[in-house]
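Asker: sequence plus the predicted model coming up.
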Amino acid sequence: MTSCSSAARAEAHDTPLNSLGFAKPPSETRVVVAMSGGVDSSVVAAMLAAEGYDVIGVTLQLYDHGAALAKKGACCAGQDIHDARRVAERVGFPHYVLDYENKFRESVIEEFADAYLAGATPVPCIRCNERVKFRDLLQTARELDADCMATGHYIRRFYGENGSELHMAADANRDQSYFLFSTTSEQLDYLRFPLGGLQSKAETRALAAKYGLAVADKPDSQDICFVPNGDYASVIEKLRPGAADPGEIVDLDGNVLGTHRGVIHYTIGQRRGLGIGGLGDPLYVVRLEPETRQVVVGPKQALATKIVPVTEVNWLGDEPFEGEIAVTARIRSTRPPRPAILRPTGKNRAEVELLDPEEGVSAGQACVFYATEGTRVLGGGWITHRRG
């Protein structure tokens, strides 16, 4: 089996590289495409098949969709699997469905529930990429003797002087680098992201129409797959009975201002829905303390954070992970990267100093590092707590 890194070095030979970077014809290059049933991964599979690659589509069943199927109009795994299968049948490549429910529950859902109970705001999509798609599924692709695995993520992979590099997508509005920061260098050698260079989602949908795919107009998924209605709290209550015990809303001095219906219903930076109006200046959720079942509120300025400790750092930079490193840092997926100083404090730990304080920094979110110039992703880590 040809490795991606050795293929990239084939430039030194006479054999031309195909569009995936291998020095052999597409027909001799096997690609496993991770198909979610959406338009993005469907286009990747159809496009590669049209180019003549030996495509194998694989869809993961990640959660129990039996109940969801009974709900009219529900977006669920069952419909997504059906859509992926239809694409494979139309284009003409083999398609397999793998039952990863137990893996997904153990690796993603259980941690999601525990993190919420601990007052954090987790990002399960990152853990899914890290622990399921780019670990277990990638291993399955290798076992199928595939040369590489392709996905529909909007991110770019370039081969630089020191190996594979991760870069933001050409379309900043679709960029998914925040959710892929934990991808390792070894995984990058094996992965391909054919949509990363497109300028807009409209181009993707136009390609879907070109290939006659029924999912061409399928709406983008907006919610976490196992929380299809966006009601995180109800999912946590089902997974952890008693999680929504009521408690006190207190100010920064510990004065009781009211009561709440469970810490899991609140997030850092929240202003609406506190039920403590008429107190003058607006108050925001500043801290969650699940041990005492308290929601701590304060003025907006109390949300400002400059020092962000992170752990489980995945470093993708060329330079050693040491000293002070100038970066731009993104502390939420919806915010642009801002200038910062990265200071490693251990093998996989660091402290990020934001040059301009940010509001709403929350434990459980990711802090992703980027080069100060250009589009390169240098890695990232998980926010453990915040300091002013």
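Answerer: Yep, that arrived.

Asker: next secondary structure after the longest strand belonging to the chain?
Answerer: Secondary structure of the chain per DSSP state E: the longest strand is strand 305-315. Using DSSP states H and E, the helix or strand that follows strand 305-315 in sequence is strand 325-330.

Asker: which ones are touching N18?
Answerer: Counting by C-beta atoms under 8 Å, 6 or more residues apart in numbering, N18 touches 24-26, 29, 51. Glycine gets a C-beta too; all of them are placed from N, C-alpha and C.

Asker: and it, how far from D356?
Answerer: 45 Å (C-beta to C-beta, to the nearest Å).

Asker: domain ranges for the chain?
Answerer: 26-211, 244-298, 304-383 (the TED database).

Asker: so can I have TSV of those domains showing mean neighbour count, mean pLDDT and distance to F226?
Answerer: Listed next are the domains of the chain as TSV, based on neighbours: other C-beta atoms under 10 Å; pLDDT from 0 to 100; distance: least, C-beta to C-beta, whole Å:
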stretch	mean neighbour count	mean pLDDT	distance to F226
domain 26-211	19	90	5
domain 244-298	16	88	16
domain 304-383	18	95	17
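
Asker: what segments of the stretch 201-350 of the chain are helices?
Answerer: 201-210, 232-239 (DSSP state H, counting those that start in this stretch).

Asker: grab the longest helix from the protein for me.
Answerer: helix 77-91 (DSSP state H).

Asker: ok, back up a step: closest one to V313 among the helices of the stretch 201-350 of the chain?
Answerer: Of all those, it is helix 232-239 that lies closest to V313, at 26.4 Å by C-beta to C-beta.

Asker: now, which of the contacts of N18 lie within strands?
Answerer: Going by DSSP E, the strands hold none of those.

Asker: can you lay out those residues as JSON lines showing distance to V297?
Answerer: Rendered in JSON lines, the data for the contacts of N18 read as follows (distance: C-beta to C-beta, whole Å):
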{"residue": "K24", "distance to V297": "62"}
{"residue": "P25", "distance to V297": "63"}
{"residue": "P26", "distance to V297": "59"}
{"residue": "T29", "distance to V297": "57"}
{"residue": "E51", "distance to V297": "56"}
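
Asker: of the residues you listed, which is the nearest to T292?
Answerer: T29 (57.9 Å).

Asker: got a list of what the closest one touches?
Answerer: Taking C-beta under 8 Å, 6+ apart as the test, what T29 contacts is 2, 18, 20, 22, 53-54, 147-148.

Asker: distance to I224 and secondary structure added to these, as JSON lines?
Answerer: Formatted as JSON lines, those follow (distance: C-beta to C-beta, whole Å; DSSP: H, G, I helix; E, B strand; the rest coil):
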{"residue": "T2", "distance to I224": "36", "secondary structure": "coil"}
{"residue": "N18", "distance to I224": "36", "secondary structure": "coil"}
{"residue": "L20", "distance to I224": "31", "secondary structure": "coil"}
{"residue": "F22", "distance to I224": "35", "secondary structure": "coil"}
{"residue": "Y53", "distance to I224": "31", "secondary structure": "coil"}
{"residue": "D54", "distance to I224": "33", "secondary structure": "strand"}
{"residue": "D147", "distance to I224": "32", "secondary structure": "coil"}
{"residue": "C148", "distance to I224": "28", "secondary structure": "strand"}
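
Asker: which other helices and strands does the longest helix of the chain contact?
Answerer: In this structure, helix 77-91 makes packing contacts with helix 39-50, strand 54-61, helix 66-69, strand 95-99, judged by 3 or more C-beta pairs under 8 Å, 6 or more residues apart in numbering; DSSP states H and E.

Asker: same thing but at 7 Å, please
Answerer: Secondary-structure packing of helix 77-91 (3 or more C-beta pairs under 7 Å, 6 or more residues apart in numbering; DSSP states H and E): helix 39-50, strand 54-61, strand 95-99.

Asker: closest to C225 out of those?
Answerer: Short answer: strand 54-61, nearest of the helices and strands packed on helix 77-91 by C-beta to C-beta, at 10.1 Å.

Asker: partners of the closest one in the sheet?
Answerer: According to DSSP bridges, strand 54-61 forms sheet pairs with strand 30-34 (parallel), strand 95-99 (parallel).

Asker: just the CA coordinates for that strand, please, in CSV.
Answerer: Output in CSV follows, covering the C-alpha atoms of strand 54-61 (Å, rounded to 0.1, in the frame of the first residue of the first chain):
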residue,chain,number,x,y,z
ASP,A,54,-11.4,2.9,-7.0
VAL,A,55,-13.9,4.4,-4.5
ILE,A,56,-15.4,2.6,-1.5
GLY,A,57,-18.1,4.5,0.5
VAL,A,58,-18.4,3.9,4.2
THR,A,59,-21.1,5.3,6.4
LEU,A,60,-21.1,5.0,10.2
GLN,A,61,-24.2,4.4,12.2
